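*Asks:* Generate a structure from the sequence data that follows.
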Amino acid sequence: MPSLTPAQLSLELRVPQKRIRDVLRQLYGTLPDDQPRWQLDENQAERVRTHFDKTAADPLEAWLLEPGDVVRRRSIHETYGGQQQGGISTPRSIPEILIFTDPDAGAKFGYNQFEGLREDGSYSYTGEGQYGPQVFVRGNKAVRDAAKDGKIIRLLRTKGILATYVGAFTTGDPAFTIETIPDADGDPRDGIIFNLLPLDALIELLPAYGGQLGPTGDLTNYAATPRIWTPPEFSDVVVPETKHVQDERTVSRVEFELQADFGVWLGSQGATPKRLPLRAGSTLIEPDMFVPERNWIVEAKRSTARGHVRTAIGQVLDYVHIAAKAGLLAAPVILLPGTPELDLQELMHELGITLATRTSDGFRILDPKPSQT
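*Replies:* Residues are numbered from 1 along each chain as shown. This next block holds a predicted model:
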């Protein structure tokens with residue numbers, strides 16, 4: 001018989017896990033160091049049950065699971081209600097939305113092409129509907145309107161009869177996009193891809209977007225794999241956010257031109273730019289360029305405005321940090337079309353960031369000041 005956990009008993013008895021763990025400590029002492037979670041046999045679980053009066057259970061408005069808990073999916077519905085089939089459940093007992101993802105099952109239908117953890121930490125989730133265009137009814141409508149309605153989205157990853165609670169999410173901006181995805185027969189149709197932002201979640205439990213770089217899920221799993229770099233196309237491109245949203249974003253040719261010209265300039269200096277996908281756990285991120293001959297990780301921005309430079313600083317330091325975790329020691333470089341304000345230059349120098357700026361005949365490299373000893 002499978003072992004029981006405080007999470008499973010919490011759903012059964014409808015009491016917070018803290019109260020169950022308090023009883024476990026009274027009965028059995030502290031959890032052994034080599035055991036990360038309580039695993040109870042039926043006799044132990046029954047001793048815990050005798051300490052609680054089911055008629056005095058906490059109100060169902062309280063969410064009882066903690067990120068990382070593994071329980072039977074059926075137990076969740078027995079406690080909270082909601083639809084037991086499909087990926088989106090809207091129980092009436094709590095003002096929250098439950099969504100379930102099974103990456104292995106989804107991959108059979110090609111759903112993994114548009115699902116997974118994105119570079120910015122958001123999670124892409126495919127809407128409901130196996131055939132025909134997906135539309136905003138029932139569960140899809142509930143997820144789309146979750147933020148407006150003040151509802152938390154609870155994401156769970158399923159495998160067989162078990163569900164692992166990943167954590168609490170809300171919708172991003174935009175809340176969704178429309179993509180061409182396969183239906184259950186492999187035929188193309190319009191699909192809803194929700195953009196979910198974590199509020200309190202163990203995102204390392206989620207797969208990377210599109211299944212890139214193979215299976216993930218271990219927080220200590222880091223990878224830095226150089227690949228062939230090609231100059232980005234820099235003709236003006238207009239990309240609609242969705243077919244139902246009128247605002248459109250123009251992908252700036254300035255930044256693409258800057259990267260392409262910098263790549264040519266590096267070639268004239270005997271260097272060969274590369275791509276460098278980086279993985280930290282389930283998160284896949286990628287800088288604009290990696291220059292192996294100089295051990296540079298490069299992040300480009302289309303403007304010298306303070307907001308753009310501050311964003312670049314955070315991004316490039318994160319890239320270098322993850323690369324180091326994967327065993328690749330690299331130097332951070334920010335590529336700009338011009339020279340930013342003096343105090344921003346000083347900040348970059350203090351942080352050990354090299355600044356590359358465009359000049360009339362190429363590029364100027366401003367190395368960071370040597371550290372004072």
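
*Asks:* Please make it C-alpha for all contacts and neighbour counts, starting now.
*Replies:* Will do.

*Asks:* Help me confirm that Val15 is found in a strand?
*Replies:* No - per DSSP: H, G, I helix; E, B strand; the rest coil, Val15 lies outside any strand segment and is coil.

*Asks:* Tell me how many other residues surround it.
*Replies:* 24 (other Cα atoms under 10 Å).

*Asks:* do the same with Gln35
*Replies:* 8.

*Asks:* tell me the mean pLDDT for the helix or strand hosting Leu11?
*Replies:* Element membership for Leu11, per DSSP states H and E: helix 6-13. The average pLDDT within helix 6-13 is 87.

*Asks:* and after that helix, which helix or strand comes next?
*Replies:* Proceeding N to C from helix 6-13, the next assigned helix or strand is helix 17-28, under DSSP H and E.

*Asks:* Output the following helix or strand past that following helix as CSV, nothing but the C-alphas.
*Replies:* Heading C-terminal from helix 17-28, the first helix or strand you meet, by DSSP H and E, is helix 42-49. Provided in CSV are the C-alpha atoms of helix 42-49 (Å, rounded to 0.1, in the frame of the first residue of the first chain):
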residue,chain,number,x,y,z
GLU,A,42,-1.8,3.0,7.4
ASN,A,43,-1.3,2.3,11.1
GLN,A,44,0.6,5.5,11.7
ALA,A,45,-1.9,7.5,9.7
GLU,A,46,-4.8,6.1,11.7
ARG,A,47,-3.1,7.2,14.9
VAL,A,48,-3.0,10.7,13.5
ARG,A,49,-6.6,10.6,12.4
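
*Asks:* any idea how far the following helix or strand past helix 42-49 is from the chain center?
*Replies:* The C-terminal neighbour of helix 42-49 among helices and strands, as given by DSSP H and E, is strand 70-72. Mean-position distance between strand 70-72 and its chain equals 22 Å (Cα atoms, centre = their mean, to the nearest Å).

*Asks:* Please enumerate residues in contact with strand 70-72?
*Replies:* The contact list for strand 70-72 (Cα atoms under 8 Å, 6 or more residues apart in numbering) reads Ala7, Gln8, Ile161, Leu162, Ala163, Thr164, Tyr165.

*Asks:* Closest to Leu64 out of the residues you listed?
*Replies:* Ala7 (7.6 Å; Cα to Cα).

*Asks:* Identify, by residue count, the longest helix of this structure.
*Replies:* The longest helix of the chain (DSSP state H) is helix 306-325.

*Asks:* what about it, average pLDDT?
*Replies:* The average pLDDT for helix 306-325 rounds to 94.

*Asks:* next one: the helix or strand just after that helix to chain centre, how far?
*Replies:* Next in sequence after helix 306-325, counting helices and strands by DSSP H and E, comes strand 331-336. Relative to its parent chain, strand 331-336 has a centroid offset of 25 Å by Cα atoms, centre = their mean.

*Asks:* Pull the residues that contact strand 331-336.
*Replies:* Here strand 331-336 has contacts from 258, 295-304, 312-313, 316-317, 320, 352-358, using Cα under 8 Å, 6+ apart.

*Asks:* PyMOL command for the buried members of the residues you listed?
*Replies:* In PyMOL, a selection of the buried entries from the contacts of strand 331-336 looks like this (16 or more other Cα atoms under 10 Å):
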select buried, resi 258+296+297+298+299+300+301+302+303+304+312+313+316+317+320+352+353+354+355+356+357+358
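
*Asks:* Show only the entries of the contacts of strand 331-336 found in helices.
*Replies:* Leu258, Ala312, Ile313, Val316, Leu317, Val320.

*Asks:* shouldn't the second one be in contact with Ala300?
*Replies:* Yes - Ala312 is within contact range of Ala300, at 7.2 Å (criterion: Cα atoms under 8 Å).
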